[in-house]
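**Q** Need a 3D model of the sequence below.
(5 chains, ligands or ions: 4)
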Amino acid sequence: GDVIKVGVPLAMTGPYTDTGDNYWKGIKMAIDEINADGGLLGKQLEPIRFDTQEFAPERVMQGADYLVGQEKVDSVHAGWAGWGQDVRAYGKYTAPFFADDGSQAAVDVFKEDPEKYANIFQLTDTDINQATSMFNVLMALPYEYPNKKVVIINADDAWGTGVGDTLETKFKEAGWEVALREVVPYGTREWGPIMTRIRRIKPAIIHVEIVSAPEVITFFRQFMRTPTDTILSYGYSIVPREVVETMGKEADGLIGEVPTAMPTPEAPTPEAQAWVERFTEIWGHQPQAGSWAAYSGVKAWAAAVVAVGDEKDHAAVNRHIATVGYKGETGWWKWDEDHVMRGGGDVPFGHYQVQDGEMVTIFTDPPTRPYKDYKFIKPRWIK
Amino acid sequence: MLRVSHLTKKFGELVAVNDLSFHVAEGQIYGIAGPNGAGKSTIYNLITGYHDFEGEILFDGTPIAGMAPHKIAQLGISRTFQVPETFPSLTAAQSIGVGCHFGDSEAYDQARVDEIIAFLDLAQDRDCMADELNLLGKKKVMIGAALATRPKILLLDEPMAGSNAHEIRDLMELIKRINQEMGVTIIIIEHFMKVLTELTQKLLIIDAGARIAEGDPEEVIRDPHVIECYLGEEYADNS
Amino acid sequence: MYIEEYLDVFISGLTNGSVYALMAVGLTLVYGVSRAFNFAYGSFYSLGGYFAWVLMVYLGLSGGYLMVLLMAVPFLIGFGYVTEKVIVAPLRKRSDWEVKVMMITLGLALFLDNGYQVLFGPRMKSLPPIMTGAVELGPIYIANQDIMIFVLAISGILAFRWLLNNTRIGMAVRAVAQNPIGAKIVGIPKNRIFAATFGISTVMVGLGGILLAQKYFISPMGGWDILVKSWVITAFGGMGSIRGGLLAAFILGMLEAYVGYVFGMTWVLFALFGVLLATLAIRPQGLMGKWG
Amino acid sequence: MLTIADVNAYYDQFHVLHDVSCEVHEGEVVVMLGPNGHGKSTLLKAVCGLLDRVDGTITYKGQDITGWSTEQLVNQGVIYIAENRELFGDMTVMENLKLGAYAKNARKKEKRNLARVFELFPRLAARKKQLAATMSGGEARMLAIARGLMSNADFLCIDEPSLGLQPNLRTEVFNIIKEIHRQGKSMLLVEQNIPQIADLADRVYVLEEGCITFQGSAEEAAADDRLKEIFLGM
Amino acid sequence: MDWKRMSGTMALIYGVMALMPLFVGGTDHLMHILIMCLIWAVVASCWDLIMGFAGIFSFGQVAFFVIGAYASAILALTFGIHPLAAMVLAGVVAAAIGVLVALPCLRLKGAYIALVTFAVHMILEPFLKSDMGRAIGTGGSRGILTIPPMELFGITFGAGDKVAVFYAALVLAVVCSVIIMLVIRSFWGTAFLALKDSAGFAASLGVSAFKYKLAVFALTSFLTGLAGGFYGHYIGMLSTRMLGIDLFVMLMIMLVLGGIGQFPGAILGAIVTVTFNEALAPLGTYRPMVLGALVVVLVLALPDGIIGLLRNLVPGRGAAEPAVAESTAANAGGQG
Ligand SMILES: Nc1ncnc2c1ncn2[C@@H]1O[C@H](COP(=O)(O)OP(=O)(O)OP(=O)(O)O)[C@@H](O)[C@H]1O
Ligand SMILES: Nc1ncnc2c1ncn2[C@@H]1O[C@H](COP(=O)(O)OP(=O)(O)OP(=O)(O)O)[C@@H](O)[C@H]1O
Ligand SMILES: [Mg+2]
Ligand SMILES: [Mg+2]
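**A** Residues are numbered from 1 along each chain as shown, chains lettered A, B, ... in the order given. Ligands and ions are numbered 1, 2, ... in the order given. The predicted structure is shown next:
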C-alpha cells in the first residue's frame, strides 16, 4: 500500500502514562515532519498505538504480536518498553525496534543472541553507565566536599537498584564511605527516620534515585527542615516535570542527570536550538526526557530506510542503523555492537542543576566537561 | 449415658449455670425446665461445645471438655436450637443431607435422607428453600438434620414454642417415635408442663443455673417452690 | 543510641499515626458501621484533592482553605449520598450484597481514577501549603502542618465516636448495620441512614485528601495507596471500633518510624504485616473489634 | 381503626394470603388464630409494610396506608413486634430500648416509658448493659415486647407475644396486654395457644391456608368445638 | 445451578473455544488473547470457588498465581526439572503457601481474611525484589527473562507455536473446571454453603469448618499455581509487574461479569472480560474509564452475571435471589 505502518507501544493508561506521553510527543512530531515533506519513499507514515499498561509480561508480548505480527508494522518505536521483556518479545520479529528504558537487563538479553536480536536498538545507555557518569560529574563539581561520606537512597525497582549498586561501588573505589544505603518502596512520604540518621551522618553527598515526584519532593522538603551541608544529587529522579513545576525556585540547587539529552536552556547547535523551538511551539512546553530520544529513533530509522530504499528489507535497515548510524541535530548517533546508543560523543549525558526554578545543563559527560558557560551554583542551604 | 457433674458457667459476674449435676440414662426422655434465663440453653451450649466450662461432662464415659462442636456431634450428641437455625441457600432435603454426610462425604446415603423426610412427613417441602418454610417446617428440618447424624442422644430446645395445641400433639408423637423407633435418648427443654409431664420420665427444674427440683414430673410440678418461682399460681390451677 | 534521635523518630511516628488516622476514619465509618466495603474510597480521597485543586489552582479562587472547605463539604456529602442512592442502595436487597457492593465500587474506582487521568492528566497536582513554619524544641522539629493534621485527626475521630455512641442518629446508624429489618420496625429510615453514612464518610476522606495534599499530593491513581493503608488500619483496629482504629493508626505509625529507623525502610512492610498477623492470631476480631 | 380489605400477599411468586379481609375497631383486641405457616405473621407484616408485594387496600384511621413504609407507619402510631424479635444483637438492652423510642411521637415520653417497661420486666432492668445477642430466648422475647412498648404506639401488631416465655411470665404478659388495652390502645394479636382467650380478646379470626375461615367474638370462639379442639387446647 | 446445566454450559463454552483456532489460528495476537482467556478462566474459577462458594474473601489469588509462575520458572531453570513436572510442583508450592496463609485465616471473619490474604499479595512484590528473592532466583526487580518452554511429544509449547499452547491451555482449563465442578457437586459444595449460611448449625451437624476451609485454600491455590506455572512457560518471562493493580481489577471484573458463586459463570466472565477489554483498546486512554462504567452498569443490570441472565432467559428454576430476609437479621440469642 502507499502507507508505512509504524508501531508505537507505550503506556497510555496506569502509572506510566506520563512517560508514555513524553515519548509519544517526540514520535508524533517526527512522523508528522516526515509526512509533511512527502513521506518516506513517497509513502505516508501511519502510527499504530498499543497500550502497554503496566508492562506485565503477557502485555508486552501481546504488543509485539499485535503490532508486528498482525499489523505488520515496519518499525516499532517505544520508550520504556519492558526492561528486557521487550527484547524477547520483539526479538522474535525482524522489524526495527527502538526502546529507551536504558536497562542492563535488556542488554544482557541482547547479548545472549545478537543475531536473533539484530532488530533491537536502545536509545539510551544503561543504568550502569549513567550511574558512572553521575559519579564522574559529582566528582568534577567545582566544590570542596567537607568529608567523604555519602548516603544513597534508591527505589526498589530495576532502575533504582541498578543505579544504586553502581554508585555504591564507584564511591567505595574512590575511597568514600557509604554511610547509609536505603532501598525504599514507592509511596514513601515520611522520611523522618532517614533524616534523623542523615543529620547524624552529615554526609557530603546524598544521592536519591526514585523516579517519582511525590517521593523526591517530600524528601527534599523534609531535608530542608534542618539541612546539613550536603550536595543533593537526584540523578534521573530530577526528570519528572512536577519536581520543578511544584517546587519552582524552592528546588534551586538540586542536581540531576538526563541520558541522550538535549541540553537546555540553550541547545548545543543551531539545528538543535531550532528543534527545541519547534517542539515547544507544537506542544506548548519544553521537551522532556525521552521526547528527543524517541524523535531521533524515528528519524534514524527513516534515514536508514531511505538509504536502503525498501522499508520491507528489515535486515538491511537494521544493518544500516547498526553500522552507519544517523546524523541528528547535535551530530552523529552511533550504536555500539550491543545496539546501545552509548552516552558520549555528539550525544552525551546531560547533567543539570535547578537554577531559578528551571533545569539548566551545567555539565555533559563523557567526556566530563562544563556545558557552555553555565555554572554550578553552591546550594543555598550549604553554609 | 450422659453424666453432668458440678457443671458451672460464668458470663462475667453472671452465673448462668451453677454447680449443676444430673444424669441421663440410656433410652430416657429427660426434661429440663425453669424460668427464662435459668440456664437451660446454656447447658446445651456447654454439652455441645460452644462454650468452655468448669466441672465435668461425661458422654458414655468419655469427657467432652475442650472438644470442638463438630467432634462432639460426631460422638453422637446432636441438638436443635431454640431459635430455629436454617441454611438459607439449601433446600430442606439438602439441609438434612448435611447432617447425613455427618462431616464426611462417604457417609451420605440418599435412602436415609428420604427415610427421615418421610418420617417427618416433609415430602411436600423437600425442595423448598429452608428459610422459606414456616416455623414448624424450619423446626422439622432442623430436627431432621440432627437425626440424620445418627445421634445417640438428641437435645431439643423448646421444640413446642409457637405451636398450637394440635401441632404440639403431633410433635409429641414425633418425639415419642424418635425415642422408641429410633432408640434415641432425648433431653427436652420446654415451658409447657403438659408436654413434660406426658413425655418425660424424669424432670429437672433449675433456676438461676442451680437445681431446685428433680424427679418424677408429676411430683416435681406440684413442688411449691417450683410453682412459686416458675409456674405461677394460675398456671398451677388451670393445668 | 542517642535519646534525642529516638524522640525525633517518635515525632515522625506520631505524624505517620495522625496521617493514617485521618485517612482511615471514613473507612471505619462505612465499613466498620454499614459493613459495605467501598473500593472507591481512595478515589473519593482524590476527589477531595482535585476539587480543592480546581478551586484554588485552576480557577484561582481567592478565600483560601476556609472557603474551599466550606464548598467541599456540601459537594462531597452530596456526591457520597447520591452515589449510595444510585449504585449501592439497589444492591442492598440482595443476600450477597456485600460482594456486589465491593464489585460495583471497584468499577466506580476504575471509572473515577481514569476519569481524573483523562481530565487532569497523569501528572500529580499539589496545593498551596495550609500552614508553614514549625515548632523547634532543641533538636526536635515539628512542622505546624503535622501538628494541625494531628489535632484535626484526633479531634475529628473523637467527635465522630461521640456522635456514634451518644446521639440518636449514631445509634440508628449502628442499628441499621446490625439488623436492617429491626431498624425498619422501630421506624428508622434505613435507606436515608445508609446514604447519609456513605455521604459522611465521603466528606471525611475527601477532606483528608485536601489536608494531606501536602504529603500525598493528588494523582489519578493515588487513591489506592490510601485505600490499602486505611483498610489495614480499620481491620487492625477492629471493625466498628473507632477507638481501635485510632490506636491502630498510631501503633502502625510508630512501627513504621522505628522499623524504618532501626532496620531500614524495606522492612517496614514486612514488620507491619507481621504485627498484623500476630495480633489477629491472638485477637481475631482485631485490637478492639466488636465483630468481624 | 384498621380495615384490611381483600388483601393478597406474596413472597416473590409465592402467594400466601388470599383475599383476606378483617378489621380492628378502636380500642379492640383482635386475636388471629391459625395453624403454623398459614399466613398469620405474613398478615402482620403486610399491615406493617414489611412485604415487597401486597395487593388490596389497608386503611388505618380512615386513610389508605397500603404500600406505606414501615417508618411512616411507626410515626403514625402502628408498631410491629416480630415473631423472631429482630433485636439489635450487638447493642445493649438499654440501647435497644432507647431505639424503641426512635419514632418522633415517642421521644418525648422516652423516660416515662423506660421506667414503665423496667417495672413490667424487672429482668431487663437488671440487665441494662447486656448485649441483646446474649439474652436467653425468653429474655429476648421480653426485650422485643418492651422495645415495642417504648414506641407508645396506639396500634400494636404483636406476633406470638408469649413465644418461649415461662408459664407464669406468659400469664404476666397477657395481663400486660390487658393493661395496655385498658389504656384504650388497639391490638392485632397472633397467638397459638391462649387458655384465657375469652377474657383477653374482643374478637377472634382464624386464618387457614391464607384465608379467613372463622370470625366472631371470643365467646363464640370459645364455644366453637372445632376451634377449642385445635387452638385453645391446653 | 443443577449438574446437567452446569456441565452443559461448560461443554458449550469450551467446545466453541476449541473451534476458534480454525478461524483465527493464523494470527498470533488473537491466539494469544484466546490463550489468556483460558488461563484467566482457571484463575477466576478458582477465585469463584473460594469466594463465591466457600464464602472466604480471599484476595490472594493473584499472589498465588504469581507464586506458581515464579516457582515453576525457578524449578525449571535452576534445577532443570521438566516444565510439566515443574508446573505441578509449582502448584504444590502454591498450595503449601496457601495452607500456611489459611491457618491464621481460619479463625478470622470475612474482612480480616481479605486483609490477611491481600497482605500476601502486597508482601510478594517486595519479597521477590529483595535479596531473599534474588537468592532463590527470582532475578530481583529484573524478573526472569529466559524461562524454557514446555516440550512434550516433540511439540514445543512456547510463544512460538500459539495453536499448540492454546490446546494445552484448553486441556488445563477443562481439567481444572471439571475438578472445580466435581467439588461443587460433591458434599464439599453443600458443606461450603452450609458453613457460609450458619457456621454454628453446621458444626452441630458434625461439619468441620477447619477441614473444609483448609482444603479449599489448598485446592484453589494449587490450581491457581498450576495456571501460573503454565503462564510462565508460555510467555517465557516473568516480572513483578504482574502484581500491579491492573490484573487484580481485571480478575474481579471477570467474577462480576460471570456471576459470583454461579460456577461456569467465571469462565464465561473471563472470556467476555478479556474480549471486552481488547475490543475497547481503540479507546486508548478512555478504555479503563469505559470499562469501569461498564462494570457499574452491569452489576446493576445483571446482578447474577451473564450466567444469571442466561438462566433467567432459559426457563427453569429462576435465579431469584432471596431478599435480605430474616437470614441476615442478627437473630438475637444465637443459640440462647
Ligand atoms: N454469651 C453470654 N453472655 C452473657 N450472658 C449470657 C450469655 N449467654 C447466656 N447468657 C445469660 O445466661 C442466662 C442463661 O441463659 P439461657 O439461654 O441458658 O437461658 P434459658 O434457660 O435458655 O432461658 P429461656 O427459657 O428464656 O431460653 C441468661 O440470663 C442469659 O442472659
Ligand atoms: N421469607 C419468606 N419467603 C418465602 N416464603 C415465606 C417466607 N416467610 C414465610 N413464607 C411462607 O409463607 C407462609 C406463611 O408464613 P407465616 O410465617 O405467615 O405463617 P404463620 O401463620 O405466621 O405461621 P407461624 O405460626 O409459624 O408463625 C408459610 O408457608 C411460609 O412457608
Ligand atoms: Mg433457652
Ligand atoms: Mg408466624
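
**Q** tell me the SS of residue A:48?
**A** When states are read from DSSP: H, G, I helix; E, B strand; the rest coil, the local structure at residue A:48 comes out as strand.

**Q** Could you list the low-confidence segments of the chain?
**A** Just going to use chain A. Using pLDDT under 70 as the threshold, the predicted model of chain A has low-confidence ranges A:1.

**Q** that's the wrong chain, I meant chain D
**A** Per-residue confidence for chain D (pLDDT under 70) gives these ranges: D:193-196, D:231-234.

**Q** Tell me the residues on it that lie near ligand 4, please.
**A** Remark: the part of chain D in contact with ligand 4 comprises D:41, D:83, using Cβ under 5 Å from the ion. Glycine gets a C-beta too; all of them are placed from N, C-alpha and C.

**Q** Specify the helix with the largest residue count in chain D.
**A** Of all the elements of type helix in chain D, the one with the most residues (DSSP state H) is helix D:167-182.

**Q** quick check, that one touching chain B?
**A** Yes. In terms of Cβ under 8 Å from any Cβ of the partner chain, part of helix D:167-182 sits within range of chain B, namely D:167, D:168, D:169, D:170, D:171, D:172.

**Q** what's that helix in contact with?
**A** With Cβ atoms under 8 Å, 6 or more residues apart in numbering or on different chains as the contact definition, helix D:167-182 has outside contacts at B:35-36, B:191-193, B:230-235, D:27, D:29, D:120, D:138, D:142, D:145, D:149, D:156, D:158, D:161-162, D:165, D:187, D:189, D:194, D:196, D:199-200.

**Q** Buried ones from the residues you listed, can you make that a ChimeraX selection?
**A** Those of these that meet the burial criterion (16 or more other Cβ atoms under 10 Å in any protein chain shown) are gathered into one ChimeraX selection, given here:
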select /B:35,36,191,192,193,230,231,232,234,235 /D:29,120,138,142,145,149,156,158,161,162,165,187,189,194,196,200
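
**Q** Report the beta-bridge partners for the residue most central in space within chain D.
**A** Closest to where the C-alpha atoms of chain D average out (Cα atoms, centre = their mean) is residue D:158, at 0.9 Å. With DSSP bridges as the criterion, residue D:158 is bridged to residue D:81, residue D:189.

**Q** List the contacts of it.
**A** With contacts taken as Cβ under 8 Å, 6+ apart, residue D:158 has the following neighbours: D:81, D:145, D:148, D:177, D:187, D:188, D:189, D:190.

**Q** do the one helix or strand the second one maps to and chain C meet?
**A** Looking back up the chat, that one is residue D:145. Remark: residue D:145 resides in helix D:137-150, with elements defined by DSSP states H and E. Yes. If you take Cβ under 8 Å from any Cβ as the test, helix D:137-150 does meet chain C, through residue D:147.

**Q** what residues does chain B put near chain C?
**A** Looking at chain C, the residues of chain B close enough under Cβ under 8 Å from any Cβ are B:88, B:89.

**Q** Remind me what the helix or strand of chain E with the lowest mean pLDDT packs against, helices and strands.
**A** One helix or strand of chain E scores below all others by mean pLDDT, DSSP states H and E: helix E:305-313, with a mean of 76. Counting by 3 or more Cβ pairs under 8 Å, 6 or more residues apart in numbering or on different chains; DSSP states H and E, the packing neighbours recorded for helix E:305-313 are helix E:3-24, helix E:245-258, helix E:264-279.

**Q** residues touching residue E:106, list them.
**A** Remark: with contacts taken as Cβ under 8 Å, 6+ apart, residue E:106 is in contact with E:209, E:210, E:213, E:214.

**Q** top of those residues by neighbour count?
**A** residue E:213 (22 neighbours; other Cβ atoms under 10 Å in any protein chain shown).

**Q** Just the element for that one, please.
**A** Residue E:213 is part of helix E:209-235, with elements assigned from DSSP H and E.

**Q** residues contacting the residue of the stretch 1-150 of chain A found nearest chain D?
**A** For the stretch 1-150 of chain A, the nearest residue to chain D under the criterion Cβ to the nearest Cβ is residue A:15, separated by 40.8 Å. Remark: with contacts taken as Cβ under 8 Å, 6+ apart, residue A:15 is in contact with A:54, C:221, E:244.
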